[in-house]
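In: okay, here's the prediction I keep looking at, along with the sequence it came from:
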Amino acid sequence: QMVHFAYLPVPWANEPAAVSIQERARTVMAEMHRLRPLIEQRLAIVRAEVKARSGDDSDEKQL
């Protein structure tokens with residue numbers, strides 16, 4: 001289940017705001033933790049493509 005950051009639900013009227021905010025924060029952090037390896041893998045691919053295209057070793061500076 002994907003978390004769409006722009007559409008996080010607003011607190012329900014009968015729910016304390018702090019509780020719902022903490023719960024949403026936990027959900028977002030868990031999703032970011034789950035996606036991190038995929039993001040890092042994709043970033044490594046993009047960096048390799050940039051490096052191959054430019055013939056330059058300074059990929060860290062370019063991105």
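Out: Arrived safely. Quick caveat, the model's predicted, so the values are computed rather than measured. Residues are numbered from 1 along each chain as shown.
In: contacts and neighbour counts: CA atoms only from here.
Out: Will do.
In: count the residues that sit near Val28.
Out: By other Cα atoms under 10 Å, the residues close to Val28 number 17.
In: next one: Arg36
Out: For Arg36, the count of nearby residues is 12 (other Cα under 10 Å).
In: and Glu49, by the same measure?
Out: Neighbour tally, Glu49, other Cα under 10 Å: 13.
In: quick one: Glu31 and Ser54, what's the gap?
Out: 34 Å (Cα to Cα, to the nearest Å).
In: which strands or helices does the longest helix along the chain pack on?
Out: Longest helix in the chain, counting residues (DSSP state H): helix 17-54. Judged by 3 or more Cα pairs under 8 Å, 6 or more residues apart in numbering; DSSP states H and E, helix 17-54 is in contact with helix 59-62.
In: what's the mean pLDDT across the helix it packs on?
Out: Averaging pLDDT along helix 59-62 yields 54.
In: one more: stretch 21-38?
Out: pLDDT averaged over stretch 21-38 gives 89.
In: buried residues in it?
Out: 24, 28 (16 or more other Cα atoms under 10 Å).
In: for that stretch, output the C-alpha coordinates as PDB.
Out: Below are the C-alpha coordinates for stretch 21-38, written out as PDB (Å, rounded to 0.1, in the frame of the first residue of the first chain):
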ATOM      1  CA  ILE A  21      -0.300  13.000  13.600                       C
ATOM      2  CA  GLN A  22       2.000  10.500  15.500                       C
ATOM      3  CA  GLU A  23       0.200   7.600  13.800                       C
ATOM      4  CA  ARG A  24       0.600   9.200  10.300                       C
ATOM      5  CA  ALA A  25       4.300  10.000  11.100                       C
ATOM      6  CA  ARG A  26       4.900   6.300  12.000                       C
ATOM      7  CA  THR A  27       3.200   5.200   8.800                       C
ATOM      8  CA  VAL A  28       5.200   7.600   6.600                       C
ATOM      9  CA  MET A  29       8.500   6.600   8.300                       C
ATOM     10  CA  ALA A  30       7.700   2.900   7.900                       C
ATOM     11  CA  GLU A  31       7.000   3.400   4.200                       C
ATOM     12  CA  MET A  32      10.100   5.500   3.700                       C
ATOM     13  CA  HIS A  33      12.200   2.800   5.400                       C
ATOM     14  CA  ARG A  34      10.600   0.200   3.200                       C
ATOM     15  CA  LEU A  35      11.300   2.200   0.000                       C
ATOM     16  CA  ARG A  36      14.800   3.300   0.800                       C
ATOM     17  CA  PRO A  37      16.600   0.300  -0.700                       C
ATOM     18  CA  LEU A  38      14.600   0.700  -3.900                       C
END
